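A.B. asks: Turn this into a model:
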Amino acid sequence: MALIVRIDVDRPYGKRPLLRHFLSRLGSDLWFPAIPGLGYLAELNWMLQALNERGARAHVFFRRCTLPGPVTLALLRQGGHVSGLHLENSRSFASFAKEKALLERHLRAPVRALSKHGSGQARYGRRHYAPYEPAKYVAWARQIGMNVFLGNLEDPSLRPERVDGEFVSFPSAFWLEPPWRDTAKFSLDWLLSRARTSDTVLLVHPENVLASAELTRSFTDLLAALPTRTLP
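C.D. replies: Just a heads-up that it's a prediction; the model follows:
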């Protein structure tokens, strides 16, 4: 059994300092080029490097505003990570298929894994469709030939669901960032124990984890303590 690391790449330029926050909003709502010198995907690149140094693997989910540049692509290849779609516009099957095709053209490779941007409480950006409807995403993903869905519920004790023996859906995750986790019930010790007997999804957002020395340390400690794997 292992830790399934899920990285949601929400912000192209992170959120600190204010200029990078502004560039992230601009890139999300309108458009702004990917400029490494301004910190494009800097936090993700650090996280991938940390994974690669430890021989750990992850699922990395991209929005249309966080498409990987050459440095990130090289780190993804080096570590054998799985790139997935972080679905933004989930209004219809057509809008979903359009986002998937965009990411596949950029990666020049099929995309088999899916997650959803946002959990239904708020709208994040001009293109974002806020409602969270996981059953719909699973049906769409199966229809279009994907085989993994990682969901946003906050009870990491929920078991994965398998469909036809090939498609796997994890409805929930252990959110490393405390605002989305019952820290009393689901502590880091709970995760260490759980992942030794059951595959468990660890959900992280690079800009949040690296903004906190404690979260950064927790992330690297977990990588040192637990084996990781990707699906299926």
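
A.B. asks: Helix, strand, or coil at T197?
C.D. replies: Secondary structure, DSSP: H, G, I helix; E, B strand; the rest coil: T197 is coil.

A.B. asks: err, P110, not the other one
C.D. replies: Secondary structure assignment for P110 (three-state DSSP): coil.

A.B. asks: repeat for S157
C.D. replies: Taking three-state DSSP as the rule, one finds S157 in the coil state.

A.B. asks: Kindly state the pLDDT recorded for it?
C.D. replies: You'll see S157 listed with a pLDDT of 97.

A.B. asks: Look up phi and psi at it.
C.D. replies: phi -80, psi -10 (degrees, to the nearest 10).

A.B. asks: what about it, how many neighbours?
C.D. replies: Using other CB atoms under 10 Å, the number of residues around S157 comes to 12. C-beta: built from backbone N, CA, C; applies to glycine.

A.B. asks: isn't it right up against R194?
C.D. replies: Yes - S157 is in contact with R194 according to CB atoms under 8 Å; the separation is 7.4 Å.

A.B. asks: and the nearest residue to S119 once chain neighbours are set aside, which of the three is it?
C.D. replies: Of all residues not flanking S119 in the chain, N152 sits nearest, at 4.3 Å (CB to CB, 6 or more residues apart in numbering). Per three-state DSSP, the secondary structure class of N152 is strand.

A.B. asks: Surely N152 is in contact with F174?
C.D. replies: No - because the distance of 12.0 Å does not satisfy CB under 8 Å, N152 is recorded as not touching F174.

A.B. asks: between these two, who's got more neighbours?
C.D. replies: Taking other CB under 10 Å, N152 and F174 do not tie; F174 has more neighbours (26 against 19).

A.B. asks: Quick check: the gap between that one and D10.
C.D. replies: According to CB to CB, to the nearest Å, F174 stands 18 Å off from D10.

A.B. asks: Buried residues in the helix or strand harbouring L76, which are they?
C.D. replies: Using DSSP states H and E, L76 sits in helix 70-79. Along helix 70-79, the positions that meet the burial threshold by neighbour count (16 or more other CB atoms under 10 Å) are V71, T72, L75, L76, G79.

A.B. asks: Report how many residues lie close to the residue nearest to T197 when sequence neighbours are not counted.
C.D. replies: Once flanking residues are discounted, T197 sits nearest to M1: 5.4 Å by CB to CB, 6+ apart. Here the neighbour count serves as a burial measure; for M1 (other CB under 10 Å) it reads 13.

A.B. asks: For M1, give me its contacts.
C.D. replies: By CB atoms under 8 Å, 6 or more residues apart in numbering, the residues touching M1 are A195, R196, T197, S198, D199, T200.

A.B. asks: between these, which is nearest E104?
C.D. replies: D199 (26.2 Å; CB to CB).

A.B. asks: The closest one contacts I4, correct?
C.D. replies: Yes - D199 is within contact range of I4, at 5.7 Å (criterion: CB under 8 Å).
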